[in-house]
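Colleague: got a predicted model here, sequence first, then my questions.
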Amino acid sequence: MNEKLSEELLSQKLMKLQRNSRRGLLLFLLGFIGVVCTLIGWLFGQGEGNKLPILLFTAVLLAGIATTLLCDKKRNALIQSQLGDELRAITEGAFGPDSPRSGLTLDESLLRQVWPQGQNWERCRLEQTHTGHWQNVRFSAANGTLEHVYQVERDQVHSDETEEVFSGLCLTLQIENAPAALSQATEEALTRAAGTPPEVVHLEPGRLFLAIHTPVRFAQVPFDADPSDIDNLRRGFQRSLEYVQGILNVLLQDRDLFPAGKGGTS
């Protein structure tokens, strides 16, 4: 069982991880610039036979990536261990308890049904999946990442490479009616609420699916939340829920989706 820390001590630990993460980012930038400059030098015939500089800069770059990823992983684990129950209660207070439903709850098989053909992906990761309700309408939301995995050959050696196809918010909504497409007014309102047009819109009887490429992480504390005050983390988490509420509010106002005006006021 994790020992509960005081908010002051938790703040100190999170600020230390944040500082180390930023140091990792600086190492990455230094290594990246060094690699680019070395390659440019080779193009102009300077030090082409000396591979030591690029090896050193590559090591610095990789060390920076590893440091940043490790610190971010520790940060998330610390927040979850110390504030997880409280943040879960906030989510359930907004959307009710997580209540998985077949055909609505987001999972890999559902995404394969609704994702456009021609956008190949082999790896799927869904995080913070929550199936609940908003204004009496059921929905499911999750942070989704899709990756295309393919093989490349270098020096007669095959290795896997990954390419990100999508990263952002995935959302399913139980609807009363399925028009051929969202109205222009709804798409414009969605773009304003989400900050970007939806990348995928899939309508079928009883269900709407949206994929929105956004840095906002549903039901998570933002990476840029200032840990000097733990209330900043709570407010950042609350904003991630309000982001989804804003998108849902737009959809509930569409009478093509809800002819009877189902939803009312939360």
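Modeller: All right, it came through fine.
Colleague: check contacts around Asp160.
Modeller: Residues near Asp160 by C-beta atoms under 8 Å, 6 or more residues apart in numbering: Val149, Tyr150, Gln151. For every residue, glycine as well, the C-beta is placed using N, CA and C.
Colleague: quick check, nearest of the residues you listed to Asp231?
Modeller: Ranked by distance to Asp231 (C-beta to C-beta), these are led by Val149 at 41.1 Å.
Colleague: ok, back up a step: just the closest of the contacts of Asp160 to Ala193, please.
Modeller: Taking the contacts of Asp160 together and measuring to Ala193 by C-beta to C-beta, the closest member is Val149, at 32.9 Å.
Colleague: in what helix or strand does that closest one lie?
Modeller: Of the helices and strands defined by DSSP states H and E, Val149 is found in strand 137-154.
Colleague: helices or strands next to that strand in the packing?
Modeller: On a contact count with 3 or more C-beta pairs under 8 Å, 6 or more residues apart in numbering; DSSP states H and E, strand 137-154 meets strand 123-134, strand 157-174, helix 230-252.
Colleague: and it, what's buried?
Modeller: For strand 137-154, a neighbour-count test (16 or more other C-beta atoms under 10 Å) marks Val137, Arg138, Phe139, Ser140, Ala141, Ala142, Asn143, Gly144, Thr145, Leu146, Glu147 as buried.
Colleague: hmm, the second one is touching His130, no?
Modeller: I take that to be Arg138. No - the pair Arg138 and His130 fails to qualify as a contact (C-beta atoms under 8 Å) at a distance of 11.4 Å.
Colleague: Asp224: neighbouring residues, count only.
Modeller: Counted with other C-beta atoms under 10 Å, residues neighbouring Asp224 total 9.
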